[in-house]
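*Asks:* Give the three-dimensional model of this entry:
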Amino acid sequence: MRTFAPEFHLGLTAAIAACSLLLYLFDLPLHYVPLLPFLFAIACYEKREGRRIAVIAVNGVVFSLLAPELPFLFTVTLFLQLYLFVRMAFEVTTFDTMVVLFFTLLLSSVIISFDVVLYRSAFSGSFSLSDLFLSTLANFAWIALAFLFRRRALADIFTRSGWL
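*Replies:* Numbers count the residues shown, from 1 in each chain. From the prediction side, this is the model:
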């Protein structure tokens, strides 16, 4: 657990806003890009509880304003599920941080994909198991690429003393 500088959280919010807007402008499905898992992995690694909740709340509002059109209640429910899952993952596990981060990102992506597919099936009546599989596979590919090519950058976020 680290205490990140306010400038880091401001940059994180700007990055989430830019990525959310790009998802909306290019009509990309939310559950095919691991934007929220990365947000929650970084935000829940914050040591201060109040700052952690404030960062997630601000990013939640920014995400609901700029991201693809999803109801606010769905977004709140999704953010609550992800917060509880990621917090438990970081609190309970004692493995290497990068191993925990990899599986947390992957399972958070599955939670998002399942929620989006469940939401769509509730209102359209069709449960698309193939969409669930393809979105999970796409998220796995994004996360694997991030870990293969940018592993040092990911490790620096969680260990870099410059952000403290």
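
*Asks:* what helices or strands is the helix ranked longest in the chain leaning on?
*Replies:* With DSSP state H applied, the helix covering the greatest number of residues in the chain is identified as helix 97-124. Contacts defined by 3 or more Cβ pairs under 8 Å, 6 or more residues apart in numbering; DSSP states H and E place helix 97-124 against helix 35-43, helix 72-92, helix 129-149, helix 151-159. For the C-beta atoms, the positions are set from N, CA and C on the backbone; glycine is no exception.

*Asks:* got the contact list for the third one?
*Replies:* Outside of helix 129-149, the residues within contact range by Cβ atoms under 8 Å, 6 or more residues apart in numbering are 29, 31-34, 37, 98, 102, 105-106, 109-110, 112-114, 116-117, 120, 154.

*Asks:* if I read this right, Thr93 contacts Val100, doesn't it?
*Replies:* Yes: in this structure, Thr93 is within contact of Val100 by Cβ atoms under 8 Å, at 4.8 Å.

*Asks:* neighbour count winner among these two?
*Replies:* The neighbour comparison of Thr93 against Val100 (other Cβ atoms under 10 Å) goes to Val100, with 18 against 13.

*Asks:* who are the neighbours in contact with the more buried one?
*Replies:* With contacts taken as Cβ under 8 Å, 6+ apart, Val100 has the following neighbours: Ala89, Phe90, Thr93.

*Asks:* what do you get for Leu30?
*Replies:* With contacts defined as Cβ under 8 Å, 6+ apart, Leu30 is in contact with Leu23, Leu36, Ala67, Pro68, Leu70, Ile112, Val116.
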